[in-house]
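Engineer: Attaching a predicted model along with its sequence, questions to come.
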Amino acid sequence: MRQYIVRRLLIALPTLLGVTVVAFLMIHLIPGNIVQVMLGTRTDITPQQLHELYRLYGLNQPLYVQYWHWLSQLFQGNLGFSLRTGLPIASLISQSFGVTAELAMGALILAVMVAVPLGMIAALYQRSAWDYLARGFALVGLIIPNFWLGTMLVMLTSFYLPVFSVFNYVPFFTNPLANLQDMLVPIITLALSLMAIITRMTRAAVLETIGLDHVRTARAKGLRESIVNLRHVLRNSLIPITTIVGLQFGYLLGGAIVVENVFSLPGMGRLIVDAINQRDYPVVQSSVLFVSAVFVLINLVVDISYGFINPQIRYQ
Amino acid sequence: MKITRWLVAGLASLLPMSLAACGTSSSPSQSTGTVASANTPHAGGTLTIGMKGDALTLDPMLTTDEYSKPVESLLYNSLVKMGPNQKIEPDLAKSWSVSSNGLVYTFNLHRNVQFHHGSQMTAADVVYSFNRIMSTQLASPWGSFFQPVKSVQALNNDTVQVTLSQPDAPFLPVVASFLVIMDPTFVNQHGGNLQRVEDGTGPYILSQWIPNQSITLVRNPHYFVHGEPYFNKVVFQIIPSTTARIAALQSGQIQFAEFLDPKHYGQLEAMASAHKIVAEKYLSSNYHMFGFNTQWGPFKHQKVRLAFSYALNRPQILASAGFNEGMVTGILTPALSRWAIPTSQYPSYTQNIATAKRLLAEAGYPHGFSFNIMAPSSFPVDLSSAVIIANQLQAIGVTAHVVPTEWGTYVNNWVKRSFESFTGENGDWTDPDLAMYAALHTGGSTNAFQFSNSQVDQLLQQGRQSQAFQQRYQTYAQLQKVVVQQSPMLYTFASYNLFGISPTVKGYVHVSGSAFSTLQSAWFSNP
């Protein structure tokens, strides 16, 4: 197992190196640079001043020099400073990722807590009212786009539940209650589509498992129905559910960007989008690299978790 | 069941706490007109302002973004400031005089003005501030506006004399718009980097800045204007989503916000009619325009550009792209009422397809032509304007392709003059010279149109050097007509800016271009 983890981490290194090249080139190759965006179309500036600004931001150097400068800083554990705000990028990412991670984790936990029991009930009571209800709920969850749901919830809570219409983010460890006020509605918004996916996946997986030989054997042994369902049906259905949850977490980080915007949360989405708009090169590059590293790590965690769910799976 | 009960109890316990956290209660106001009230000012309370984005810097001499300026305007003062009627008013200079040849300005400063960190403001600080904004090392994007300044000297602790190399009528508006007075000791202590720190003389002091979340300012107890400011705290809360800002106004979390997208005005006005807020509309000094690259193909011909002016139905553009929330304008918007001439004086502002076709034929394009309009995709009004303009130009046989362009790319093309035409906005200037010189003078730094006309150059120079208002007014009146006739760009309309204000906020007076600085003299009716 340890060898497997080390090997996976070593494979991740060239992947992340590739990400640095792509992130660097993409932001530098799109037209417009930080000086042009900063000055806009209204400022009255002389060529000398312009030259000074290019020198100040290091844009007078060739691209490969700028890339190497950034990379060598990365190897020293220094993500650099934002060109536009002067703030250390490490602190910007830690603040913003805290919000996004809380949103994504909250949505994931809520979705799993609701969707797994719902999917299981739907499968165990197939073609009953419960099944149709669960499937209807899953369909609605898939249909409703989260930007629309979010916008509706923003307006509705401001009228009828102002206690949950809060736009002043407070970190969980500073004030859990205030944090809950701020995060509950965004988490529900983000979780809905995931709930739908997991409900459908759980239902399908349970239906598949329920007819397998070992389940029939367990029932024949006279085990109670609840024990059969939890120990033998659910556990064996967890592999596809875990895969989908792991994959969806990456999408949740992406979906969080939309929800962050609707609810004005200061997360990674806002950080990266603002930095792209302002051509704040180091912030874009380091943030993209960070998110990629998180994605790689999540995939690794999902792969490792298979072994715990199903001891038959071994890593070589 | 137990869990449900627990949840309900939990939610019920949260409710009063949240309402208490909302701060001031908002009693409905019967007033539908100006917010200015005859009530006596009260000190106290926290004013929370909803902002679309976070400030990028606190160095006003380097600020180019729209979100830093509101914060800086409450932290710093200049020598003079713009008043509500576009006249210059005293700020840190209690009075000033100008020599008869217009070359020497002498400013008499207020005494006992303190910087936020405690040191006394003197004439030497004013000299330093002039030198800082003019220094090539700082590379201030506003530095070139001070090019006419030959020397600045402190005559004594309270008097500063500025000598210009040539008469420069917009000098005082330039000082009001771009110069702030700084403490050299503080600036040097921070190695010249004022991006995250400040030591101004303004009504509020920086207390806390949580990036991308909020900026909190506290009252300056030593502010030189007696009694002001009135709020104990001013919080700039970052709420990028317009819907969320409207919701925050609705729930009372914020008490002041500016809205620039006219499609939301109906919603805000509905809230105002329900007495939830006071919705104040002010005509912007920004204008929307359709600009030409006058060095490109058919647009080299003045008659083609004028033909386009005749072909446009500006009220329709205003109605469709601007939701009728504004006014048709020339280069100087009606917000600059001292200078702007009525649009009825422009013959080409009345749509006349026959004249447009005739002009096009005279220029050698009887069957029209096709071209691209670059439109900024992040500015919905300008994008919509481009679509409507393209549609209207079909009537004269011209085919326009709208190219939605991301802002960074748009600016890059604009800088490189790599476009055939574009829609965009410009303005927010406090003087006609600032609005026109750099944009229209041959080789002007913002003359992306590459427009060159000797009569326009001469009138611009004349307007800059005249001192008397009447003389300047005549010059700019003539200039506005010539520019519309030459049409390097076609001005379409100026939008209203809408401010959603809690009815409890009193004493707010709007000054175009300085919308937030005047909050220093506003107060809560029930602090």
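Structural biologist: Cool, the structure landed.
Engineer: can you list the residues of the stretch 401-527 of chain B near chain A?
Structural biologist: Residues of the stretch 401-527 of chain B found near chain A (CB under 8 Å from any CB of the partner chain) are B:406-415, B:424, B:426, B:428, B:438, B:444-446, B:448. Using the backbone N, CA and C atoms, a C-beta is placed for each residue, glycine as well.
Engineer: In helices, which of those residues fall?
Structural biologist: Secondary structure of those is defined by DSSP state H; positions in helices are B:407, B:408, B:409, B:410, B:411, B:412, B:413, B:414, B:415, B:438.
Engineer: Looking at chain A, what residue ends up closest to chain B?
Structural biologist: Distances from chain A to chain B, computed as CB to the nearest CB, single out residue A:32 as the nearest residue at 3.0 Å.
Engineer: so who does that residue touch?
Structural biologist: A:279, B:406, B:407, B:408, B:409, B:410, B:411, B:412 (CB atoms under 8 Å, 6 or more residues apart in numbering or on different chains).
Engineer: Find the nearest non-adjacent residue to it, please.
Structural biologist: Counting by CB to CB, 6 or more residues apart in numbering or on different chains, residue A:32 lies nearest to residue B:408, which is 3.0 Å off, once chain neighbours are set aside.
Engineer: what about residue B:51, neighbour count?
Structural biologist: Residue neighbour count, defined by other CB atoms under 10 Å in any protein chain shown, stands at 25 for residue B:51.
Engineer: Return the residues of the stretch 201-316 of chain A in contact with chain B.
Structural biologist: Counting by CB under 8 Å from any CB, the stretch 201-316 of chain A comes close to chain B at A:261, A:262, A:263, A:264, A:266, A:270, A:271, A:274, A:277, A:278, A:279.
Engineer: Using a markdown table, lay out those together with neighbour count and secondary structure.
Structural biologist: As requested, those are arranged in a markdown table below (neighbours: other CB atoms under 10 Å in any protein chain shown; DSSP: H, G, I helix; E, B strand; the rest coil):
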| residue | neighbour count | secondary structure |
| --- | --- | --- |
| A:261 | 18 | helix |
| A:262 | 24 | helix |
| A:263 | 30 | coil |
| A:264 | 29 | coil |
| A:266 | 23 | coil |
| A:270 | 22 | helix |
| A:271 | 27 | helix |
| A:274 | 20 | helix |
| A:277 | 16 | helix |
| A:278 | 23 | helix |
| A:279 | 27 | coil |
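Engineer: In those residues, find the pair that's most separated.
Structural biologist: Taking CB to CB as the measure, these reach their widest spread between A:263 and A:279, a distance of 26.1 Å.
Engineer: Just the buried ones among the contacts of residue A:32, please.
Structural biologist: A:279, B:406, B:407, B:408, B:409, B:410, B:411, B:412 (16 or more other CB atoms under 10 Å in any protein chain shown).
Engineer: Do you know the pLDDT at the residue nearest to the fifth one when sequence neighbours are not counted?
Structural biologist: The shortest distance from residue B:409 to any residue other than its chain neighbours is 4.2 Å, reached at residue A:31 (CB to CB, 6+ apart). At residue A:31 the predicted local distance difference test score is 86.
Engineer: which ones are touching residue A:31?
Structural biologist: With contacts taken as CB under 8 Å, 6+ apart, residue A:31 has the following neighbours: B:408, B:409, B:412, B:413.
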